[in-house]
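Novice: sequence first, predicted coordinates after that:
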Amino acid sequence: MRKPKSKKSFFRKQRRLSEVEEIELLESWIGFGKPDSGSNPLSISPLPSNAPIGRIDDDSFSSYCGSTKFDQLPLSNKTKEGLNDSKYITMTEVQRASLPHALCGRDLLGAAKTGSGKTLAFIIPVLEKLYRARWGPEDGVGSIIISPTRELACQLFEVLRSVGKHHGFSAGLLIGGRKDVDTEKKRVNDLNILVCTPGRLLQHMDETPSFDCSQLQVLVLDEADRILDVGFKKAVNAIISQLPKQRQTLLFSATQTKSVQDLARLSLKDPEYLSVHEESVTATPNHLLQTAMIVTLDQKLGMLWSFIKAHLNSNILVFLSSCKQVKFVYEAFKKLRPGIPLKCLHGRMKQGKRMGIYSQICEKRSVLFSTDVASRGLDFNKAVDWVVQVDCPEDVASYIHRVGRTARYHSRGRSVIFLMPSETEMLVKLQAAKIPIQFIKANTKRLQSVSGLLASLLVKYPDMQSLAQRAFITYLRSIYLQKDKEVFDVMKLPIEEFSASLGLPMTPKVRFMNQKTKCKTVPEEAYNLLQDNDVKDTVSKASLLQDNAVKDIVSKISRENLASVNSKEEMEDSLLLMKDTPVQRGVNEDAVPSTRNLKKKLKINVHRPVGTRIVFDEEGNTLPPLAALADTKAGNGLLQLDIVKDRYEKVKEELKQQDKEDKRQLHQRLRENRTKKKLKLKRGRAEEEEDDEMGEEDNSASDREETGNRSTKTKRSKIYFDSDIDDNERKEENDKMSFGADSISLEEQEALALKLIWSN
Ligand SMILES: Nc1ncnc2c1ncn2[C@@H]1O[C@H](COP(=O)(O)OP(=O)(O)OP(=O)(O)O)[C@@H](O)[C@H]1O
C-alpha cells in the first residue's frame, strides 16, 4: 500500500542549501580546489561551480579512474577514517572500476568474480551519497541494501558498521526469523540505511503504518541476479513499486543478470555495465583449484566420509541440495565421529543458531554441511579451505557462487564436485563458462564405505530412520524439480542402491516417480549389447549405461580449451589422485573413472547385518572388520552369509510392519489434533461473543486492546517467505498444503462439521 507523501519532503526542500553553499560544503570535506600536488600524484581537479551535487565532471572522473588507493578518491574524511580503521587501503579491481561511476550518481550493474570486494563497491557510495545530501535522522530511509539471505545481510551490516562508524547515520538490519517485529516497526522509520532481506522489507512496507521510503536516494541489490530471479519476483516487484523512481540503483553480483526484462523492472537510467573480469581467462578466482570426480549416487556418502577423514585439519564447506539431507548427513556423521567438529546450516534453523554457526565456522577447523543458503556472498573470514559439492548445483551460476566461498580476496582455495555419471553434461556447461576443472580419481585404498554403519545407526536410533527417509525423498524430489533436464534426470538414478547407501532397510515409496518410466531408462537391447558376462553379473544395468554416458561427455571436452592449472604435485592428495585426468589428456577411456571399477573397489556393504555393534577408535574410525562379514572370507563364509541374509530379511520385515504402524498412529494423532484445534477455536469465538455482550461499558483503552486482539485473531496473516528456505523445501511445503497426504477427506470434514454443529 502506497502511503501519502509525508511533510518531510517539504521540510527537506526548505533545508536544502543553495548550490554555492553545497559546493562550499563539498570543498570543506573532500578537499576539492586544494589539490595536494606534493604528496598525491593524482591531483584532483576542482569541481566546476555548476556541477550538480554528488556528481563529478568528466575531467576529474578520468583522474579518479586511475586511482588505486581509497584516499585518492573524493571521499569524506569520515569514510576514509572508517576504511583506514578497517585496514582497507588499496582498492581492488572492481572497486577501482565502479567507485568513480557510483560516486557520480550513476546507476550501475557491476559484475566481478567472487571474493573480489564488491561489498565496498556499494557501501562506500551509499555512505557518500547520504553524507553529501546531509542526511539526518529526521530524513528517514535514505538507502536500502537488499540481500537474498539473512546471513549475507548480517555480513553486509557488519561491513557497513565498520566502514561507516564515524558517520552519524542510523542503520538497521531487517531480516526474517527475528521475533521483535513490533520493536522494529516502531523504529524502522528513524533508520537512514536499511540492510534487509526482501521478505522482511515487504512485511514492513505492508504492515508498518509509518514506514516511508519516498525519499530513498540509493537502492542496492547485492547478488542482484538472485534477487531478480523468479523466486523473489513477486516480493521484489511489490517493493520496487513502492520506491521513488528518482533514485540511484546499484546492482552487484559475480554472475550478473543482463536480462532486459529484469532490468526494466528496476527502471534504471542509462546504467553503466561493468564486467570487471570479462576478459579474464577464467570466471572463477585465480587462486582457486577446482576438481571434479565421478561418483555414483550410492557412493556419495562413502566418498564424503573418506574425504572428511582425509582432511581433518581443514575447514570444509559441504553443499547438499536440501535441508533434510543436510540434517541427515550431519546427524549421521556426528554419531560416527569423524574426528573433526561438524556443523550444519540450513533455512529451517532458528535464526540465533544460524548466526552462531556462521561465526563459529569463521574461527575453527570444522566441516559445515549446508544448503545453498551459504552459497552466496558469505565471506567466512576467508577461512574455508575446501568447498565440496556433494550434490550438483542447479546451474553454472550456482556453481560459481558455491566455489566462491573459498579462495577469497588473495587467499587460496580448493574445491571438488561429485558428479554422478548422469550429470556429466554439467562439465560441458562449466567449461563453456570458462571454469577450469580437473578430473580426479579417488585413491581407492583410502575409501571407506559408510552404508553399513548407517544401517546400524538407523536401527540404534529410530529417529534417524525417518531422517534418512526424508533425505531420500527430498533428494529425489529436488532432482525431479530441476529445470535443466539435460543434466538432471531422476529416472537415471539407481534408487534402490541409493536407499541402501543411506542405511535404509527398504526403499521408501516415491509417489512422483512412475515405475514404468523408470524401467525405460535402461533399454534391454542396450544392455544385451554388452558382451561381458562377468560384468553383467556384478554391475547394475543402469550404471553400465551411465558409464558410456560419462565417456561420451568426457570426449566432448577438448584439452585445448581448458585453462592451465597448477602443478599436479600440488593437487596430489592422499585421497584425491590427479594422475589420470582424462579432461587434460584428451580422451582416454581407460582413465575415465568408471562406476564399474569404483563399485568393485568401494565394496559397499549394504548387506551387513543390522544391529551389529560398531567399535570406534579415538579418532572416530571404525575398527574393521565387522565380524560377520569377516567370517565370510573364511571357510564358512557361505553359511555365515546365509544367516546374515536371513536375519536381514527378518529385520526388514519387522521394520516394515513397524513403519506401517507408526504411519497409522501418526495419521490418527494428526486427525485428533486438528479436531481439537477446531473445537478450541470454536469455543474461543463463543467466549468472545459472550464477552462482547457483557463488556459494552468497558473503557476505550480496553476496547482498543480487544479490537486489536480480535483483529489479529480473525486476520489471516500473510506469509513472508524468507529467501533462504530453499526453493525445493518451499515447493514441498506447497505440495503438502495442496495435496498433503495427511489432509482430511471430504467425509471426515463433513463429520467434523456435524460434530461442531451438534456441540453448540
Ligand atoms: N580493498 C580491499 N582491501 C583489502 N581487503 C579487501 C578489500 N576489499 C575487499 N576486501 C576483502 O575481500 C574479501 C571479499 O570481499 P567481498 O565479500 O566484498 O567480496 P564479494 O566480491 O562481494 O564476494 P561475493 O561475490 O562472494 O559476494 C573480504 O574479506 C573483504 O574484507
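Specialist: Looks like it arrived, so ask away.

Novice: show me where pLDDT drops low in this protein?
Specialist: 1-65, 178-179, 260, 363, 513-575, 577-645, 685-760 (pLDDT under 70).

Novice: interface residues of it facing the ligand?
Specialist: When proximity is defined as Cβ under 6 Å from any ligand atom, the chain approaches the ligand at 88, 90-92, 95, 112, 114-120, 254, 377, 379, 382, 404, 408-409. Using the backbone N, CA and C atoms, a C-beta is placed for each residue, glycine as well.

Novice: count the neighbours of K245 for me.
Specialist: By the criterion of other Cβ atoms under 10 Å, K245 has 10 neighbours.

Novice: doesn't it fall inside a strand?
Specialist: No - under DSSP: H, G, I helix; E, B strand; the rest coil, K245 sits outside any strand and is assigned coil.

Novice: residue in the stretch 151-300 of the chain nearest to the ligand?
Specialist: A254 (4.1 Å; Cβ to the nearest ligand atom).

Novice: ok, that residue to Y399 distance?
Specialist: 11 Å (Cβ to Cβ, to the nearest Å).

Novice: between those two, who's got more neighbours?
Specialist: Y399 (28 against 25).

Novice: and the closest residue to the more buried one other than its chain neighbours, what is it in contact with?
Specialist: Using Cβ to Cβ, 6 or more residues apart in numbering and skipping residues adjacent in sequence, the residue nearest Y399 is P393, 4.5 Å away. P393 makes contact with F319, D372, S375, Y399, R402, I417 under the criterion Cβ atoms under 8 Å, 6 or more residues apart in numbering.

Novice: pick out the most distant pair among the residues you listed.
Specialist: Spatially, the most separated pair among these is D372 and I417, at 14.0 Å (Cβ to Cβ).

Novice: I146 touches R226, doesn't it?
Specialist: No - counting by Cβ atoms under 8 Å, I146 stays clear of R226, with 10.2 Å between them.

Novice: what about L320? Give its phi and psi, please.
Specialist: Note on L320: backbone dihedrals following degrees, to the nearest 10 are phi -120, psi 170.

Novice: same thing with V329?
Specialist: For V329, the backbone dihedrals (degrees, to the nearest 10) come out as phi -60, psi -40.

Novice: neighbours of it, how many?
Specialist: Applying other Cβ under 10 Å, I find that V329 has 26 neighbouring residues.

Novice: tell me the SS of the closest residue to it other than its chain neighbours?
Specialist: Leaving aside its sequence neighbours, V329 sits nearest to F369 (Cβ to Cβ, 6+ apart; 5.5 Å). Here F369 is strand, with the state taken from three-state DSSP.

Novice: contacting residues for F369?
Specialist: By Cβ under 8 Å, 6+ apart, the residues touching F369 are V318, L320, V326, V329, Y330, F333, L342, K343, C344, L345.

Novice: go with 7 Å
Specialist: V318, L320, V326, V329, Y330, C344 (Cβ atoms under 7 Å, 6 or more residues apart in numbering).

Novice: who's it bridged to?
Specialist: V318, C344 (DSSP bridges).

Novice: any idea how far it is from F418?
Specialist: 14 Å.

Novice: send the alpha carbons of the helix or strand containing S456 over as CSV?
Specialist: Element membership of S456 [criterion: DSSP states H and E] is helix 451-460. Output of helix 451-460 as CSV, limited to C-alpha atoms (Å, rounded to 0.1, in the frame of the first residue of the first chain):
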residue,chain,number,x,y,z
SER,A,451,26.4,-47.6,4.3
GLY,A,452,26.8,-50.5,6.7
LEU,A,453,27.5,-48.1,9.6
LEU,A,454,24.5,-46.0,8.7
ALA,A,455,22.3,-49.1,8.6
SER,A,456,23.4,-49.9,12.1
LEU,A,457,22.8,-46.3,13.2
LEU,A,458,19.3,-46.4,11.9
VAL,A,459,18.5,-49.5,13.9
LYS,A,460,20.0,-48.0,17.0
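
Novice: counting by contacts, list what that helix packs against.
Specialist: Helices and strands touching helix 451-460, by 3 or more Cβ pairs under 7 Å, 6 or more residues apart in numbering; DSSP states H and E, are helix 323-336, helix 462-481.

Novice: cutoff 10 Å now
Specialist: If you count contacts as 3 or more Cβ pairs under 10 Å, 6 or more residues apart in numbering; DSSP states H and E, helix 451-460 packs onto helix 300-310, helix 323-336, helix 462-481, helix 495-501, helix 637-694.
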